[in-house]
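Trainee: Predicted model follows, preceded by the sequence.
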Amino acid sequence: MSRAWRHERAYSPVPVTRLSARDLLTEAIAGLSQRPARTVLTMLGTILGVGSFVAVLGLTATATGQVSDAFSVQAATQVLVHDAGGSTSSDPGQTVESFPIDAETRITALNGVKAAGVTWPVGGGPTTVTASLRPGAAQHQLAVAAATPGYLAAAELELSDGAALTPYVESHALAVAVIGVTAARELGIASTSGAPAVFVDGVAFTVVGIATSAARDPAAAATIYVPASTARNAFGAPLAYAPASMLIWTQLGAADQVADEAALALRPDRPELIAATHPPAASPTRADVLASLNSMFVVLAALSLVVGAVGIANTTLVAVVERTSEIGLRRAVGARRRHIAAQFLTESATMGTLGGLIGTAVAVAVVVTVAVAREWTAVLDPATTLPAPLLGSLIGLLAGVYPALRAAHIAPLDALHR
Amino acid sequence: MRRRWRASSRPPHVAPAEPGSPLISLERIGKSYPGTQPVHALAGVDLLVQPGEYLAVTGASGSGKSTLLNVLGLLDDPTGGTYRLDGHDTAALSEMARTALRARSIGFVFQDFHLMAHRTLWENVALGQLYTCSSAATRYHHARDVLARVGLGDRLDALPTQLSGGERQRVAIARAVVNAPRLLLCDEPTGNLDSHTAAGVLDLVEELHDDGVTVLVITHDQRTAERAPRQLTIHDGHLVADTDRTPCRSSS
């Protein structure tokens, strides 16, 4: 086959006709610019396909990065330690206190711990709280939590007014309280000026601080925090059905280690009384949701690309039919079959490449705009973004194969006598 | 006051295989279309054309004159006989070699011009050299020269749609000769033109002939045919008359 071909080549009595790559591109662009509106409309499919492909990957990467920042850092720096001593108790009303008095000191001594503290619900649940002792004063059922100063630090309690519970308050078992902003509103307390008091089961506490929220305690706004020592004196130790727990704020990456060590650090004699919860690995649910969304959009993008390819194939085929006479003329003035095929392939590949370039540019703009609007950091993987226009070229090239072959097999005689 | 056609002294691309050989040599050329009733478009045509001749081929519709032009122009293969162009046996050439020979030796002028409507005049003319000359600058200069020669030198960037029929045919002629072919094949070159415009186009063809180009015109218009020194008549695929008014050459 190749021998025969070489023989044919050698046999030509005159120099064979040629078409340089530059001329090929010039002719293809001239062919496309004959009908600019049609060319642009044809490119839309590729623009949409490549654009949605790049945009989906970019937006997913951007959102994933953002989600990790917002949630994972909280989760990855938090260890919850539960008192498991009450779970075996037959009487749920019995008091249980497996945490040692110096629990905070023991845990903060561990490597990587920023803050730690103990809490438990006073009375095992919502407690009657009033803002005044006068008969007929409105009674509110509110969550009252005993908390050590370390607990409020570990929860990253945000105060709008006043001060948090201090070690001094804890060690002296003072009757003071930090109340959440929702609870304060319910009780009619606007600020700490004038040292307002609240009465928990008739016990007076002076409000020293009003909290708005806490990063690691979602109920902070509706809770009344009182010092753990004061609560133990006034209301007794935690109950078996609502035992104490410990919140530990660790440095990033230290949580697993801290969770492993917590039980032995707290109760080297009976570590089984302590149950530490490891931080969640990356949230599998969220990853699954993103992955399935991602694949859904990638399938849609692939569909757009197929539609784009069909559009290019169709337009190129129409162009071949419309320009049959031109094809005949080109054959008459020296174009070989391969020159005709190459010209139409180049036209379709050019459409695909331009579509891919425009689509990628639009997608990058969309990702950046969304990121700016949401105050996120735009994440675009160069490994998928940079070669994206080539995807358009490939689509255009594939779509052009059939029309190009059709064009190449038009006999010059038939074409000229149309 | 005629300017010399080959002002740039460009030699023809193809040298004859044997010096002194006829430009066209047809020996018993036949062209049949098979079928239940086979059609013999050409039946045993013998023809010798020397370089520099000017021939007109006349005949009724369906007589085979267009088939003859297609065979001579290497656009169609004969089904029998031998066709030598410049001494090269065309049947022995590969498709690629035939394409090259066609591109470099033959210029075509068609009845309906075959101009690319969206391309400028110079681009249309330069197409005649697109596949034989790789330098775009050279193609432009040649196209400019030839367009000036046909009287359209000031309209290089015009579009064919802005031209009259006669001007379009001049552009087509410019494209046909831009590659300095040895043979100019014209298929009803005046078929779409009024008689005054047709005369102008034929004047141009005659100028080309005077400058040494071999011209073969296919026509059914007697006035067009009569301007050629040598006239062939074709009927049912046979050459039935060959009248040569050229001095010092007898009719065959």
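Mentor: Thanks, I have it. These numbers come from a predicted model, not from an experiment.
Trainee: Now do the contacts for the residue in chain A positioned nearest to chain B.
Mentor: The shortest separation between chain A and chain B is 2.7 Å, found at A:Gly334 (distances taken as C-beta to the nearest C-beta). Just so you know, the C-beta spots here come from the backbone N, C-alpha and C atoms, and that holds for glycine as well. Shown here is A:Gly334, whose contacts under the criterion C-beta atoms under 8 Å, 6 or more residues apart in numbering or on different chains are A:17, B:99-100, B:102-104, B:130-132.
Trainee: Out of these, which end up buried?
Mentor: Applying 16 or more other C-beta atoms under 10 Å in any protein chain shown to those, the neighbour count classes A:17, B:99-100, B:102-104, B:130-132 as buried.
Trainee: What is the nearest of those to A:Ala254?
Mentor: Checking the buried ones among the contacts of A:Gly334 against A:Ala254 with C-beta to C-beta, the nearest one is B:Leu130 at 72.6 Å.
Trainee: Does B:Leu159 touch B:Asn124 like I think?
Mentor: No. Taking C-beta atoms under 8 Å as the contact criterion, B:Leu159 and B:Asn124 are not neighbours in contact, 9.1 Å apart.
Trainee: Give me the more crowded residue out of these two.
Mentor: Between B:Leu159 and B:Asn124, counting by other C-beta atoms under 10 Å in any protein chain shown, B:Asn124 is the more crowded of the two (26 against 16).
Trainee: Excluding covalently adjacent residues, which one is nearest to the more buried one?
Mentor: If the residues on either side of it in the chain are set aside, B:Asn124 comes closest to B:Leu115, at 5.1 Å by C-beta to C-beta, 6 or more residues apart in numbering or on different chains.
Trainee: can you pull the contacts of the one you found?
Mentor: B:124, B:160, B:168, B:171-172, B:175.
Trainee: again, 10 Å this time
Mentor: A:325-326, A:329, B:121, B:123-125, B:127, B:159-161, B:163, B:168-169, B:171-172, B:175 (C-beta atoms under 10 Å, 6 or more residues apart in numbering or on different chains).
Trainee: are any of these buried, and which?
Mentor: A:325-326, A:329, B:121, B:123-125, B:127, B:159-160, B:163, B:168-169, B:171-172, B:175.
Trainee: Tell me which of those residues fall in helices.
Mentor: Among the buried ones among the contacts of B:Leu115, the members found in helices (DSSP state H) are A:325-326, A:329, B:121, B:123-125, B:168-169, B:171-172, B:175.
Trainee: And those, which is closest to B:Ala56?
Mentor: B:Gln169 (16.6 Å).
Trainee: pretty sure that closest one is touching B:Leu152, no?
Mentor: No. Using C-beta atoms under 10 Å, B:Gln169 makes no contact with B:Leu152, being 11.0 Å away.
Trainee: okay, and the common contacts of those two?
Mentor: B:Leu163.
Trainee: just the strands in the stretch 101-250 of chain B please.
Mentor: B:106-109, B:183-187, B:214-218, B:230-235, B:238-244 (DSSP state E, counting those that start in this stretch).
Trainee: for chain A, same thing?
Mentor: Ranges of strands in chain A, per DSSP state E, are A:78-83, A:113-121, A:127-130, A:139-147, A:157-162, A:176-180, A:197-200, A:203-214, A:223-227, A:245-250, A:274-277.
Trainee: Parallel or antiparallel, which strands does the last one pair with?
Mentor: Strands flanking strand A:274-277 in the sheet, each with its direction: strand A:78-83 (antiparallel) (DSSP bridges).
Trainee: so the strand it pairs with versus strand A:245-250, what angle?
Mentor: Strand A:78-83 runs at 160 degrees relative to strand A:245-250, counting by axes from the mean of the first three to the mean of the last three C-alpha atoms, to 10 degrees.
Trainee: contacting residues for A:Leu247?
Mentor: The neighbours of A:Leu247, taking C-beta under 10 Å, 6+ apart as the test, are A:78-81, A:107, A:115-119, A:147-148, A:150-155, A:214, A:216-217.
Trainee: actually A:Glu272, not the one I typed
Mentor: Applying C-beta under 10 Å, 6+ apart, the residues contacting A:Glu272 are A:84-85, A:88, A:98, A:263.
Trainee: can you check B:Thr197 too?
Mentor: In this structure, B:Thr197 makes contact with B:164-167, B:169-170, B:190, judged by C-beta under 10 Å, 6+ apart.
Trainee: mind running it again at 8 Å?
Mentor: Under the criterion of C-beta under 8 Å, 6+ apart, the neighbours of B:Thr197 are B:164-166, B:169, B:190.
Trainee: Need the residue closest to the centroid of chain B.
Mentor: Among the residues of chain B, the one closest to the centroid is B:Leu185, at 1.3 Å (C-alpha atoms, centre = their mean).
Trainee: Read off the pLDDT value for it.
Mentor: On pLDDT, B:Leu185 comes in at 95.
Trainee: before we move on, what about the one 5 residues further on?
Mentor: What the model reports for B:Thr190 is a pLDDT of 89.
Trainee: For burial, what's the neighbour tally of the residue lying closest to it once chain neighbours are set aside?
Mentor: Closest residue to B:Thr190 apart from its sequence neighbours, by C-beta to C-beta, 6+ apart: B:Ala198 at 3.5 Å. A count of nearby residues for B:Ala198, using other C-beta under 10 Å, gives 21.
Trainee: quick one: B:Ala198 from B:Ala158, how far?
Mentor: Counting by C-beta to C-beta, to the nearest Å, the separation of B:Ala198 from B:Ala158 is 22 Å.
Trainee: what does B:His209 give?
Mentor: Relative to B:Ala158, and taking C-beta to C-beta, B:His209 is found at 27 Å.
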